[in-house]
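*Asks:* turn this into a model:
(one chain, ligands or ions: 1)
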Amino acid sequence: MKILLTGAAGFIGGRVWSALRDAGHEVVGVDAMLPAAHGPGAQVPSDCRTLDIRDASALAPLLDGVDAVCHQAAMVGAGVNAADAPAYGSHNDFGTTVLLAEMFAAGVGRLVLASSMVVYGQGRYDCPEHGPVEPAPRTRADLDAGVFEHRCPQCGSLVEWRLVDEDAPLRPRSLYAASKTAQEHYALAWAEATGGTVTALRYHNVYGPYMPRDTPYSGVAAIFRSELESGDVPRVFEDGGQMRDFVHVDDVAAANVAAVQSGPDGFAAFNVCSGRPISIMEVAAELCEARGEAPPVVTGQYRSGDVRHIVADPARAADVLGFRAAVDPRDGLREFAFAPLRT
Ligand code: UD1
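*Replies:* Prediction:
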C-alpha cells in the first residue's frame, strides 16, 4: 500500500515509518518539525518532507494515489497552561479536519489515527460496596494526609482500579485530552459521512529509544531517565502506587501496521498497551536497578490534575487487529535505562 504518514520525524512516527517500510509499504513521510516536539534547530530527516497539514494546498498533491493515511502528527503533553489551548486546537483538531477534507477530495478512504489513553480521563474504579463507580475527585485534605486513592461518591470507601476497555466513557481532563477526543469525534463523523474507515489507536504510556528528553510536555519515563542521566535520583510522587501500562514504541509501531492492514469498517478505537500493568514505583525502580543506582525517592508530593490509575484492557486490539505487545515493560524499561534519548 502507499501510505501518507504524518508526524514522520517524531519519536513514534519514526518507528512507525520503519515498521511500515519493513512490512513492504511505500511511505510518504511528512512532518511540521514543531520546535516543541523536535527541539529548536532540529534537522528534518532526509527522506521526510517538511509540511504542516493545516496547509491544504501543500497537502493535497501528496494524497495522490495514497491508499491510507497514518496520522501521528500532534502537539503532545498535557498542556502547560490555558494559553496553550489555541495551539492544541489548531495543530491537533483544525489540522485533522483539513486532513480529513483533503482525504475525501482525493478519494482516500482509510485513516489510522494516533489517539491516547487520556480520552478516558481518570480511569475505571470499583467500590467494594457499590461496584463500578465514577469516583469522586481526590480532595486536597486526602492528598495532604497521604490518602491517594479515590473514594466512592456514595459511601466514601476507597475504590480499586480496574481495566479500562474501549467502551468506557470519554472524559477528557486536559487540553491535550480535549484535542485527542475531538480528533476522534471528527474522524468518526467523517467515517459516517464518507463510508471511510478510521482506526483510532489509544496509546498508553509510550517509551523507548529516541524518546524526547525531559520537557514540560514529557511523560514520566523520560523524566526519570533524564534525572538518572544527570546524576539525580528519580522522584516518585504520591506513594508510587499509581498504576499505568507502559508500551514500547516498537509495539506501538506494530499496532499501526496491523491497523493499516486490517482495521475494521467504519470507526473503531483500540487500546494500544502491553497488557502488563506496572506501578510508577516499579518503573523508577527498574530504571535505577538497571543503571546500578540508588533506589528512587518516594516524595509523597502530588500534582494537581494527575490521574491516580489508568490501566488498559488489551483484549479488543488482540481480538480484532491481532495485535499483542511483544515487549514486557520490565524488560523494555531496563533496556530504556541506557537507550539514546532525543536531544
Ligand atoms: C502521560 C502524558 C499524557 C500521555 C500519556 C500516555 C503528560 C503530562 N502526560 O500521562 O499526555 O497521553 O502519558 O503516553 O505528558 N510522576 C512521578 N514523578 C515525576 C513525574 C511524574 O512520580 O517526576 C508520576 C505522576 O504523578 C503520575 C505518573 O508519574 O502519577 C505518570 O505521570 P505522567 O507520565 O506525567 O502522566 P500520565 O498521566 O501517565
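*Asks:* how many residues are close by the nearest residue to Met117 once chain neighbours are set aside?
*Replies:* In this structure, Met117 finds its nearest non-sequential neighbour in His204, 4.7 Å apart by CB to CB, 6 or more residues apart in numbering. Just so you know, the C-beta spots here come from the backbone N, C-alpha and C atoms, and that holds for glycine as well. Using other CB atoms under 10 Å, His204 has 25 neighbouring residues.
*Asks:* mind showing which ranges of the stretch 1-150 of the chain have poor pLDDT?
*Replies:* Scanning the stretch 1-150 of the chain for pLDDT under 70 picks out 40-41, 78-80.
*Asks:* tell me where it has helices.
*Replies:* Applying DSSP state H, counting those that start in this stretch to the stretch 1-150 of the chain gives helices spanning 11-22, 35-38, 56-59, 85-88, 95-106, 140-144.
*Asks:* relative to the ligand, which of those is closest?
*Replies:* helix 11-22 (9.7 Å; CB to the nearest ligand atom).
*Asks:* go through that closest one and flag the buried ones.
*Replies:* For helix 11-22, a neighbour-count test (16 or more other CB atoms under 10 Å) marks Phe11, Ile12, Gly13, Gly14, Arg15, Val16, Trp17, Ala19, Leu20, Arg21 as buried.
*Asks:* thinking again about what came up before, out of the helices of the stretch 1-150 of the chain, which is the most enclosed?
*Replies:* helix 11-22 (a mean of 22; mean count of other CB atoms under 10 Å).
*Asks:* can you tell me which residues in the stretch 51-200 of the chain are near the ligand?
*Replies:* Contact residues (CB under 6 Å from any ligand atom) of the stretch 51-200 of the chain with the ligand: Gly77, Ala78, Ser116, Met117, Val118, Tyr176.
*Asks:* give me the number of residues near the residue lying closest to Ser262 once chain neighbours are set aside?
*Replies:* Taking CB to CB, 6+ apart, and ignoring the residues beside it in sequence, Ser262 has Leu321 as its nearest neighbour in space, at 6.0 Å. Other residues near Leu321 number 22, with proximity taken as other CB under 10 Å.
*Asks:* follow-up on the earlier one: max pairwise distance over the residues of the stretch 51-200 of the chain next to the ligand: which two?
*Replies:* Gly77 and Met117 (13.9 Å; CB to CB).
*Asks:* which of the two has more neighbours?
*Replies:* Met117 (25 against 19).
*Asks:* now the helices for the stretch 201-343 of the chain?
*Replies:* Ranges of helices within the stretch 201-343 of the chain are 220-229, 249-262, 280-290, 315-316, 329-336, based on DSSP H, counting those that start in this stretch.
*Asks:* for Val28, find the nearest of these.
*Replies:* Across the helices of the stretch 201-343 of the chain, closest to Val28 is helix 249-262 (CB to CB), at 13.3 Å.
*Asks:* distance from the closest one to the middle of the chain?
*Replies:* 14 Å (CA atoms, centre = their mean, to the nearest Å).
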